[in-house]
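> what's the 3D shape of this:
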Amino acid sequence: MAYNHLTIKELIWIEQYYKSGEKVANIAKYLSRARQTIYNVINWLKKGSTIQEYYDSYKKNKSKCGAKIKQLSDEEYDYVLDKVNKGWTPDVIIGRGEIKLSMSSRTLYRRFKDGSLDKKLLPMKGKRKKNGSVEKRGKQAFKRALCQIVLVNNNQPNS
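Here you go, the predicted structure:
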């Protein structure tokens with residue numbers, strides 16, 4: 001289950017309930033949070049810190065989370081631009097494996113999407129079809145299928 005982070009509003013509620021002498025179990029029930037989460041905030045308050053300091057500390061720690069954005073070296077960047085100018089897609093560039101790049105084709109597509117590389121250079125000019133897209137051109141919906149014709153003929157009485 002995904003974790004919902006505490007908002008500044010919830011932190012203020014915790015502080016007010018704590019100052020009014022409410023039990024931790026009741027605070028947890030009111031806010032639909034785990035007791036440990038409430039204890040962490042209350043222990044922070046017991047040290048003499050404020051809710052704003054707690055929230056600032058949380059934001060600072062949260063900024064260190066997640067994967068770092070991968071960048072191409074100058075050599076890799078020149079190689080990718082050369083191949084894209086020749087009409088290659090990121091899938092082909094990675095798949096051929098002529099040189100070892102520091103990212104996957106999916107990450108390379110992300111670099112085109114976020115503007116690190118110009119997506120207008122790609123053969124499809126940055127336009128891609130969604131997964132499961134079905135070609136609808138050229139279908140003649142008004143015609144009967146062969147199986148329908150056979151069923152109609154079988155249901156008619158012989159003369």
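
> what about residue 33, how many residues nearby?
By the criterion of other C-beta atoms under 10 Å, residue 33 has 17 neighbours. All C-beta atoms are positioned from the backbone trio N, CA, C, and that covers glycine.

> for residue 88, same thing?
17.

> report the contact partners of it.
residue 123 (C-beta atoms under 8 Å, 6 or more residues apart in numbering).

> using the three-state scheme, assign it.
Three-state assignment for residue 88 (DSSP: H, G, I helix; E, B strand; the rest coil): coil.

> and it, how far from residue 28?
Between residue 88 and residue 28 the computed distance is 56 Å (C-beta to C-beta, to the nearest Å).

> give me the contacts around stretch 16-27.
13-14, 30, 33, 35, 38-39, 41-42, 45.

> flag every buried residue along that stretch.
For stretch 16-27, a neighbour-count test (16 or more other C-beta atoms under 10 Å) marks 17-18, 24, 27 as buried.

> next, name the residue at the spatial heart of the chain.
For the chain, the residue nearest the mean C-alpha position is residue 110 (11.4 Å; C-alpha atoms, centre = their mean).

> who are the neighbours in contact with it?
No contacts exist for residue 110 under C-beta under 8 Å, 6+ apart.

> and the nearest residue to residue 34 once chain neighbours are set aside, what's its pLDDT?
Distances taken as C-beta to C-beta, 6 or more residues apart in numbering place residue 28 nearest to residue 34, at 6.4 Å, with adjacent residues excluded. Note for residue 28: predicted pLDDT of 93.

> quick one: which of the contacts of stretch 16-27 has the most company?
That'd be residue 14 among the contacts of stretch 16-27, by other C-beta under 10 Å, with 27 neighbours.

> ok, back up a step: any idea how far the residue nearest to the centre of the chain lies from residue 48?
Residue 110 is 45 Å from residue 48, by C-beta to C-beta.

> same question for residue 56.
15 Å.

> more crowded one of those two?
residue 56 (12 against 7).

> just checking, what packs against the helix or strand that one falls within?
Assigned by DSSP states H and E, residue 56 belongs to helix 51-62. Using 3 or more C-beta pairs under 8 Å, 6 or more residues apart in numbering; DSSP states H and E, the elements in contact with helix 51-62 are helix 8-19, helix 35-46.
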